[in-house]
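Chemist: Generate coordinates for the sequence data below:
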Amino acid sequence: MMVEIQGNPDNEELVEIYLISLTKKLGLSARKTGEIIVKFTKRMPNGFGDALGICEGDPTEAVIHIAKKQTYFEQMRTLAHEMVHAKQFMRGQYPSEREAVKMEFDLFGRCFPWERVK
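Modeler: The predicted structure is shown next:
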């Protein structure tokens, strides 16, 4: 599984550690193929202007957009939410908002590298 970060997020090293932890927790790290691209952006793609995050994908690739208008920790919680959707796309499942909302806080709390926060 390849993971790519774009858009210069704050503390990119922490984001990378967090993404690796999320992929493990969601059972995606063992995949031999596939890519998750996370884009931190000031503007969401057309049609998604007010969204805090979106995920589009298929079984081979997921593209996540995270709005930088949020605080850093809100961005990280949103990333957990969108990673649930990435898992759903990569497993060929229909994206469930209910599952993503249910899991986002637990994933954020368990997977974020709190020990590295100064």
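Chemist: alpha carbons only for contacts and neighbour counts from here, please
Modeler: Will do.
Chemist: show me the contacts for residue 108.
Modeler: 76, 77, 80 (C-alpha atoms under 8 Å, 6 or more residues apart in numbering).
Chemist: tell me the mean pLDDT for the helix or strand containing it?
Modeler: Assigned by DSSP states H and E, residue 108 belongs to helix 97-111. The pLDDT scores in helix 97-111 average 97.
Chemist: Show me which positions of it end up buried.
Modeler: Going by neighbour count (16 or more other C-alpha atoms under 10 Å), the buried part of helix 97-111 is 100, 104, 105, 107, 108, 111.
Chemist: Residue 54 and residue 117: what is the separation?
Modeler: Using C-alpha to C-alpha, to the nearest Å, residue 54 is found at 26 Å from residue 117.
Chemist: And these two? Which one has more around it.
Modeler: residue 54 (22 against 8; other C-alpha atoms under 10 Å).
Chemist: where does that one fall, helix, sheet strand or coil?
Modeler: Using DSSP: H, G, I helix; E, B strand; the rest coil, the structure places residue 54 in strand.
Chemist: returning to what we had before: could you dump the buried residues of helix 97-111 into a markdown table with distance to residue 18 added?
Modeler: Below are those laid out as a markdown table (distance: C-alpha to C-alpha, whole Å):
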| residue | distance to residue 18 |
| --- | --- |
| 100 | 17 |
| 104 | 13 |
| 105 | 14 |
| 107 | 10 |
| 108 | 9 |
| 111 | 6 |
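Chemist: Sounds good, over and out.
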